[in-house]
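I need the structure of the sequence given here:
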Amino acid sequence: MLDDPRYTLSEVAIASGVQVGTLRSWLQRGHWRVDTAVGDSPAAIAGKAHLVTLRRALHIGAAVELVRNDVEPARAFRAARSFVDIFDPHWEHEGRPRDEGGLFVAGWTLLVVYPSREDGIVMWIDDTQPLSKTPLQSILFPKIQQSQQVSGTFVWLNQIDRRIRLGLKNAEG
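Residues are numbered from 1 along each chain as shown. Predicted coordinates for the structure are as follows:
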């Protein structure tokens, strides 16, 4: 189901909360590519719908959220690949596996993008404590020199996953 081409860009745009014209312009400018992924199906005939998979819809949803938080579109799309494409579901982070959709099986899943990195970092946060009480040291930061200041953009992938899946389910009828 994750890699079955079944959603139009219009449905994905609505689920992501972005105008379909904006999504299409990012694609036309080459900021984003959805035609090179497994299962995604570019329109065979001009005017026909380009179909994408649930995996790509989740990818787009995470990228849109990063753009909302001032990450440049092309960079947001590259960074969001870490959520759904660049992982092995059998790989564990500190003993915590991720499901095939990219979320950790238990706990919160965050995506962080740092200005010094092209990729995004997907991290696990303990959900048995309020996020405000989670020690900052438990969040994976890149190794930096003490004199260097680093800030990152965080998005909560559990919320994005829920919003995209619900939006696509509603679009299907």
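
Name the helix or strand for Pro115, please.
Using DSSP states H and E, Pro115 sits in no helix or strand.

For this structure, which element, helix or strand, carries the lowest mean pLDDT?
Lowest by mean pLDDT, DSSP states H and E among the helices and strands of the chain is strand 92-93, with a mean of 58.

Strands of the protein, residue ranges please.
Assigned strands in the chain, in chain order: 7-8, 51-52, 92-93, 96-97, 108-113, 121-125, 153-156 (criterion: DSSP state E).

Tabulate those strands in JSON lines, adding columns for mean neighbour count and distance to Phe83.
Backbone N, C-alpha and C define where each C-beta goes, glycine included. JSON lines is the format used below for the strands of the chain (neighbours: other Cβ atoms under 10 Å; distance: least, Cβ to Cβ, whole Å):
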{"stretch": "strand 7-8", "mean neighbour count": "21", "distance to Phe83": "17"}
{"stretch": "strand 51-52", "mean neighbour count": "22", "distance to Phe83": "15"}
{"stretch": "strand 92-93", "mean neighbour count": "14", "distance to Phe83": "13"}
{"stretch": "strand 96-97", "mean neighbour count": "14", "distance to Phe83": "15"}
{"stretch": "strand 108-113", "mean neighbour count": "22", "distance to Phe83": "6"}
{"stretch": "strand 121-125", "mean neighbour count": "20", "distance to Phe83": "6"}
{"stretch": "strand 153-156", "mean neighbour count": "19", "distance to Phe83": "9"}
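
among those, where is the model least confident on average?
Here the lowest mean pLDDT among these goes to strand 92-93, at a mean of 58.

How about the residue nearest the centre of the chain: what's its closest non-neighbour residue?
In the chain, the residue lying closest to the centroid (Cα atoms, centre = their mean) is Ala62, at 3.0 Å. Closest residue to Ala62 apart from its sequence neighbours, by Cβ to Cβ, 6 or more residues apart in numbering: Ala80 at 3.9 Å.
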